[in-house]
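**Q** structure for this input, please:
(2 chains)
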Protein chains: 2
Amino acid sequence: MCELMGMSANVPTDICFSFSGLMQRGGKTGPHCDGWGVAFYEGKGVRCFHDPAPCHSSAIAQLIERYPIKSENVICHIRQANVGRVSLANTHPFTRELWGQYWTCAHNGQINGFVAGPGPFQPVGNTDSEAIFCDLLNRLRGQFAEQPSQAELLDCLTNACAGYAARGVCNLLLSNGEWLFTLCTTKLAWITRRAPFGPAHLRDVEMAVDFQEHTTPNDVVTVIATEPLTSNEQWHACQPGEWHLWQGGESIRQGRLAD
Amino acid sequence: MCELMGMSANVPTDICFSFSGLMQRGGKTGPHCDGWGVAFYEGKGVRCFHDPAPCHSSAIAQLIERYPIKSENVICHIRQANVGRVSLANTHPFTRELWGQYWTCAHNGQINGFVAGPGPFQPVGNTDSEAIFCDLLNRLRGQFAEQPSQAELLDCLTNACAGYAARGVCNLLLSNGEWLFTLCTTKLAWITRRAPFGPAHLRDVEMAVDFQEHTTPNDVVTVIATEPLTSNEQWHACQPGEWHLWQGGESIRQGRLAD
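**A** The predicted structure follows:
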């Protein structure tokens, strides 16, 4: 299994603190040493960093930890390979362009023998995760030639997810830069930080931050992760089938997949 | 105008030396301070680094300069904005997936008012460069549902390029990870290094390397750039309309666009 981390915020925010904890799980406090990647949205643009090397000792990861890239939507993944060998092409998050937007996706779980349905999007590597992402985009593109309303989009998205969840483990982070969609089928937790901000202590490494020093009273920042990243805060554990659409740090739509 | 750099090699090779010279043009020895980006292929995977900040002072560029990422096909671009504001979405190289391959493209030039033809590929930003790339992919995808032969592909590609060249300046680097395609309509130069390797001196910064210390006798490495990067070697200037298909450091197909 892998470790996921996502962020949704109402102001461009860096992930240096959370990433410092997460990267320890990439071969140090956790066994996920088969590569890692992160996607930062800035406006309509996205920049991704991928490395098939273990996260905790990666020169690129050290840059991400120190260099504050500010973003409103972030998707991060550290990998422990099950399906698909360790290679750059198999390193999440995956990116495709749909309707003039960059879509990115990272997946934790396994759906054995998954093959993407027909459509223009094809996997480049050989993970089930990328096949699921391509399948999802093929469904969206097949159903909507142009970007539909958010309600129509969510309907198509959650229907597809119900199918995936019925076939295996599918914890998912997905973004188009406007919002962050999260799906839990087994394990995902989240925390929303807003004023009054306080101190936080990482679980995976001796490090603390006082968010009050780095925020303004109007900031709202949600972090989503496979397992809580801090030891002194109350994280919310998602239930199986629970999904959220996050925008500006808030869960603006949420629900449970139909069984 | 912008600066392009590409590399094709028959063994995974880093670009640290060439990049050290190129990055100086990103705001120091050259005026191209409106962002930069680079795409490294490793097998079927590609990793891109994008930064809308000036190259010569970018923390990410400093990483690329020092951290040897080895690749057989590289596309690099430093930008001086003409069409499209300075933003991440407008930062080359651009990437799309076609036929289960990642395609990347960087462009130097300008085609006023260019709009991509119909098809699934749409620009995310608002540069003429990304519109040209999407147009090219829409033509390829429209003509071939699956990857065609190299001859058919080149035929479609060079026909499209002839149309672009007739409308404006279109120096282009394009790769799918298997090969690197280069098109010169105004300015592009290349050098192929092979045994016996010798010393090289950068033009833009006080730096020299003896390639013999870093190579084996069978290595073949071609570097393509808007302007020669070294001062003591003989670079070949491309003629207007000249294109090459590079693979393993060699120009395996070449020609001139039809007028």
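
**Q** burial measure for the closest residue to chain B within the stretch 51-200 of chain A, as a count.
**A** Minimum separation of the stretch 51-200 of chain A from chain B (CB to the nearest CB) falls at A:L88, amounting to 2.8 Å. In short, each C-beta sits where N, CA and C put it, glycine included. For A:L88, the count of nearby residues is 22 (other CB atoms under 10 Å in any protein chain shown).

**Q** quick check: it touching A:F49?
**A** No - the criterion here is CB atoms under 8 Å, and A:L88 misses it with A:F49 at 11.6 Å.

**Q** between those two, what contacts are shared?
**A** Taking CB atoms under 8 Å, 6 or more residues apart in numbering or on different chains as the contact rule, A:L88 and A:F49 both touch B:R47.

**Q** tell me if I'm right that A:D210 and A:P199 touch.
**A** Yes - contact criterion CB under 8 Å: A:D210 and A:P199 qualify, at 4.7 Å.

**Q** from the rest of the structure, what touches stretch A:10-22?
**A** Outside stretch A:10-22, the residues that touch it by CB under 8 Å, 6+ apart are A:3, A:5, A:7, A:38, A:42, A:55, A:61, A:64-72, A:74, A:76, A:78, A:200, A:202-205, A:207, A:209, A:216, A:218-221, A:223, A:225, A:229-230, A:248-250.

**Q** report the beta-bridge partners for the residue nearest to the residue of the stretch 51-200 of chain A closest to chain B when sequence neighbours are not counted.
**A** Closest residue to A:L88 apart from its sequence neighbours, by CB to CB, 6 or more residues apart in numbering or on different chains: B:G45 at 2.8 Å. Beta-bridge partners recorded for B:G45 (DSSP bridges): B:E42.

**Q** tell me the contacts of B:G45?
**A** Residues in contact with B:G45, defined by CB under 8 Å, 6+ apart, are A:H50, A:P52, A:S87, A:L88, A:A89, A:N90, A:T91, A:V124, A:G125, B:Y102, B:G177.

**Q** read off the pLDDT value for the residue of the stretch 51-200 of chain A closest to chain B.
**A** On pLDDT, A:L88 comes in at 94.

**Q** then A:V169?
**A** A:V169 is given a pLDDT of 97.

**Q** distance check, it against A:N112.
**A** 10 Å (CB to CB, to the nearest Å).

**Q** show me which of those two is the more surrounded one.
**A** A:V169 (17 against 9).

**Q** quick check: closest non-adjacent residue to the more buried one.
**A** A:G109 (3.1 Å).

**Q** just to check, the one you found is in contact with A:C184?
**A** No - counting by CB under 8 Å, A:G109 sits too far from A:C184 to count as a contact (10.1 Å).

**Q** with neighbour numbers in mind, choose between these two.
**A** The neighbour comparison of A:G109 against A:C184 (other CB under 10 Å) goes to A:C184, with 26 against 22.

**Q** next up, the contacts around the more buried one.
**A** A:N171, A:C238, A:Q239, A:P240, A:G241, A:E242, A:W243.

**Q** apply 6 Å and report the result again.
**A** A:N171, A:C238, A:E242 (CB atoms under 6 Å, 6 or more residues apart in numbering or on different chains).

**Q** can you report how many residues lie near the closest residue to it other than its chain neighbours?
**A** By the measure of CB to CB, 6+ apart, the closest residue to A:C184 outside its immediate chain neighbours is A:C238, 3.5 Å from it. Around A:C238 there are 22 other residues, counting by other CB under 10 Å.

**Q** give me the distance between A:C238 and chain B.
**A** 30 Å (CB to the nearest CB, to the nearest Å).

**Q** repeat that for A:Q212.
**A** Taken as CB to the nearest CB, the span from A:Q212 to chain B is 27 Å.

**Q** same deal with A:S8?
**A** Taken as CB to the nearest CB, the span from A:S8 to chain B is 18 Å.

**Q** what segments of the stretch 51-200 of chain A are strands?
**A** Counting by DSSP state E, counting those that start in this stretch, one finds strands in the stretch 51-200 of chain A at the ranges A:71-78, A:94-98, A:101-110, A:169-175, A:180-183, A:189-194, A:199-201.

**Q** surely A:V205 and A:Q24 touch.
**A** Yes - with contact defined as CB atoms under 6 Å, A:V205 reaches A:Q24; the gap is 5.1 Å.

**Q** so where's the stretch 51-200 of chain A shaky on pLDDT?
**A** Across the stretch 51-200 of chain A, nothing is flagged by pLDDT under 70.

**Q** still on that earlier bit, can you tell me which of the contacts of A:C184 lies closest to A:I191?
**A** A:I191 lies nearest to A:C238 out of these, by CB to CB, at 11.7 Å.

**Q** for chain B, what are the nearby residues on the stretch 1-150 of chain A?
**A** Within the stretch 1-150 of chain A, the positions near chain B by CB under 6 Å from any CB of the partner chain are A:42-45, A:47, A:50, A:59, A:63, A:67, A:87-89, A:96-97, A:100, A:102, A:120, A:122, A:124.

**Q** before we move on, the earlier item: which one of the strands of the stretch 51-200 of chain A is the most hemmed in?
**A** strand A:71-78 (a mean of 28; mean count of other CB atoms under 10 Å in any protein chain shown).

**Q** partner strands of that one and their direction?
**A** Here strand A:71-78 is paired, per DSSP bridges, with strand A:3-13 (antiparallel), strand A:36-42 (antiparallel).

**Q** please name the nearest non-neighbouring residue to A:Q143.
**A** Nearest non-adjacent residue to A:Q143 (CB to CB, 6+ apart): A:C156, at 5.5 Å.

**Q** circling back: so what sits opposite the residue nearest to A:V169 in the bridge?
**A** Beta-bridge partners for A:G109, by DSSP bridges, are A:C170.
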